[in-house]
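> please work out how this folds:
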Amino acid sequence: MIRKTAARLLLVFGGLIVALGIGEVLVRVFWEELRPRRDVEIDYAMDLPAPITGLPFGFTPNSEFEGIYDGDPYGTLPEDLTIRYRINESGFREPPFADRDPQYAVRILVMGDSFAFGEGVSVGERSTEIMDGVLDQRIRGGVDTINAAVSGYASSDELGLARFLIPRLDPDLVLLAYCLNDPIHGTEDDYPAFDLIMLRHRGSERESRSYLWRVVRQRMNDLRVTGATLDWYRNMYEGPEAAWVRSRIHLAEMRDAAKRDGARFAVAIQPIFFEVGGDYPLLAAHREIRDWCENQRIPVLDLQPAFRGLATKDLIVHPKDHHPNAKAHRIMGLAMAEFVEEVLRSR
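The predicted model follows:
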């Protein structure tokens with residue numbers, strides 16, 4: 001009996017060793033697809049404070065910088081794995097801002113953070129440019145869309161930007177591209193390094209000799225930190241003390257600033273690209289934002305439904321950069337065009 005038990009244990013142990021060995025071999029064979037990716041290298045050209053708007057920070061006018069990736073597993077990047085960002089004299093990723101051209105019937109001012117700015121995509125691929133192209137064909141007299149989004153801006157920054165730009169640019173519509181992390185500024189202590197957008201966490205400096213263990217450890221860490229980060233997002237929108245309460249004040253003041261200048265104000269809710277097309281875990285936050293906007297009679301578009309049934313990896317730039325890729329920007333741009341056309345017609 002003892003010999004049989006020992007033999008069985010030896011067989012199980014031997015099978016485990018063989019399975020681990022096979023796993024190690026397979027991981028090494030498919031290492032390029034499975035290996036933990038390096039952080040995206042972006043040396044932002046920023047000024048503190050922003051020299052033109054006077055806001056706490058902003059892009060350096062007339063500057064250029066690059067985002068460099070360690071590979072292109074999702075097939076979204078240029079051949080040199082680099083996205084180039086050129087900033088105009090006003091501090092935004094746009095051609096030079098011009099006085100209002102009378103040839104255009106409608107001027108739209110878009111504000112937002114890195115999603116609307118187009119981090120990870122080239123000029124010409126951004127949602128605002130897709131939207132502008134559609135509306136230019138549909139609205140008699142054409143449309144002039146100005147993208148004044150700045151990476152890292154929270155709703156407090158966007159309010160300051162609205163107060164600065166609306167009187168100077170004289171838009172007919174101010175469209176806020178709202179991101180779920182807008183209530184909390186990136187400089188605040190409770191802002192996580194891992195935010196489901198830029199996955200800036202790393203493993204130990206001393207890498208294990210086992211490639212299989214490196215992958216397992218990375219996956220375990222991802223699960224742990226992802227759960228904590230989802231809780232962080234949910235907490236921003238739950239209860240009377242939630243950080244979202246601050247953003248509600250900012251959005252209401254943006255609406256009032258637009259109204260004083262004779263412009264409409266609208267909100268487009270951008271999803272976090274994590275299981276966005278399936279069992280999306282942040283629907284309650286979207287519902288909270290949408291219900292509040294509707295109660296305030298602020299036209300609102302929830303962009304998450306536009307991605308139902310689509311795989312996240314087909315919508316993001318890179319495993320370490322979950323900003324929307326060109327395909328996702330196109331989907332958002334088309335939906336935004338339909339929404340904006342309706343808003344403008346309801347004036």
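> in which helix or strand does residue 289 reside?
Residue 289 belongs to helix 283-295 when assigned by DSSP states H and E.
> in that helix, which residues are buried?
Buried positions in helix 283-295, judged by neighbour count with 16 or more other C-beta atoms under 10 Å: 285, 286, 288, 289, 290, 292, 293. For the C-beta atoms, the positions are set from N, CA and C on the backbone; glycine is no exception.
> how about residues contacting it?
178, 180, 233-234, 236-238, 244, 248, 251, 267, 269, 271, 299-300, 302, 304 (C-beta atoms under 8 Å, 6 or more residues apart in numbering).
> as a markdown table, the buried residues of helix 283-295 with pLDDT would be great.
Formatted as a markdown table, the buried residues of helix 283-295 follow (pLDDT from 0 to 100):
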| residue | pLDDT |
| --- | --- |
| 285 | 98 |
| 286 | 98 |
| 288 | 97 |
| 289 | 98 |
| 290 | 98 |
| 292 | 98 |
| 293 | 98 |
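> can you list the residues you listed in JSON lines and add distance to residue 226?
Below are these laid out as JSON lines (distance: C-beta to C-beta, whole Å):
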{"residue": "285", "distance to residue 226": "16"}
{"residue": "286", "distance to residue 226": "19"}
{"residue": "288", "distance to residue 226": "21"}
{"residue": "289", "distance to residue 226": "22"}
{"residue": "290", "distance to residue 226": "24"}
{"residue": "292", "distance to residue 226": "27"}
{"residue": "293", "distance to residue 226": "28"}
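> ok, so of these, who is nearest residue 75?
Using C-beta to C-beta, residue 286 is the member of the buried residues of helix 283-295 that lies nearest residue 75, at 28.6 Å.
> circling back: filter the contacts of helix 283-295 down to the buried ones and express that as a ChimeraX selection.
For the buried members of these, the matching ChimeraX selection, counting by 16+ other C-beta under 10 Å, is:
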select :178,180,233,236,237,244,248,251,267,269,271,299,300,302,304
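> out of the contacts of helix 283-295, which are inside strands?
Judged by DSSP state E, the contacts of helix 283-295 include 178, 267, 269, 300, 302 as members of strands.
> find the nearest non-adjacent residue to the fourth one, please.
The spatially closest residue to residue 300, leaving aside those adjacent along the chain, is residue 293, at 3.7 Å (C-beta to C-beta, 6 or more residues apart in numbering).
> from residue 42, how far out is the one you found?
The gap separating residue 293 from residue 42 is 32 Å, by C-beta to C-beta, to the nearest Å.
> got it, and residue 51?
On the measure of C-beta to C-beta, residue 51 and residue 42 end up 21 Å apart.
> out of those two, which sits in the busier spot?
residue 42 (18 against 12; other C-beta atoms under 10 Å).
> so the more buried one bridges to which residues?
residue 67 (DSSP bridges).
> quick one: neighbours of residue 341, just the number.
Using other C-beta under 10 Å, residue 341 has 17 other residues around it.
> give me the residues contacting the helix or strand where it lies.
For residue 341, the host element (DSSP H and E) is helix 326-345. Contacts with helix 326-345, where a contact means C-beta under 8 Å, 6+ apart, come from 76, 106, 108, 118, 121-122, 125-131, 133-135, 138-139, 172-173, 175, 264, 266, 268, 270, 273, 299, 301, 303, 306-307, 314-316, 324.
> repeat that with 6 Å
121, 125-127, 130-131, 134-135, 138, 266, 268, 299, 301, 303, 306, 315 (C-beta atoms under 6 Å, 6 or more residues apart in numbering).
> quick one: buried residues of stretch 307-324?
307, 310, 312, 315-324.
> hmm, I typed the wrong one, I wanted stretch 238-258.
242-244, 246-248, 250-252, 254-255, 257-258.
> what about those residues, which are in helices?
244, 246, 247, 248, 250, 251, 252, 254, 255, 257, 258 (DSSP state H).
> so how far is residue 137 from the last one?
Taking C-beta to C-beta as the measure, residue 258 falls 25 Å from residue 137.
> same deal with the first one?
Relative to residue 137, residue 244 is positioned 37 Å away (C-beta to C-beta).
> correct me if wrong: residue 146 contacts residue 109.
Yes: with contact defined as C-beta atoms under 6 Å, residue 146 reaches residue 109; the gap is 5.2 Å.
> the two: which is more packed in?
residue 109 (25 against 20).
> tell me the secondary structure at that one.
Using DSSP: H, G, I helix; E, B strand; the rest coil, the structure places residue 109 in strand.
> need the per-residue pLDDT for the closest residue in space to it that isn't next to it in sequence.
Excluding its sequence neighbours, the residue lying closest to residue 109 (C-beta to C-beta, 6+ apart) is residue 171, at 3.9 Å. pLDDT recorded at residue 171 is 96.
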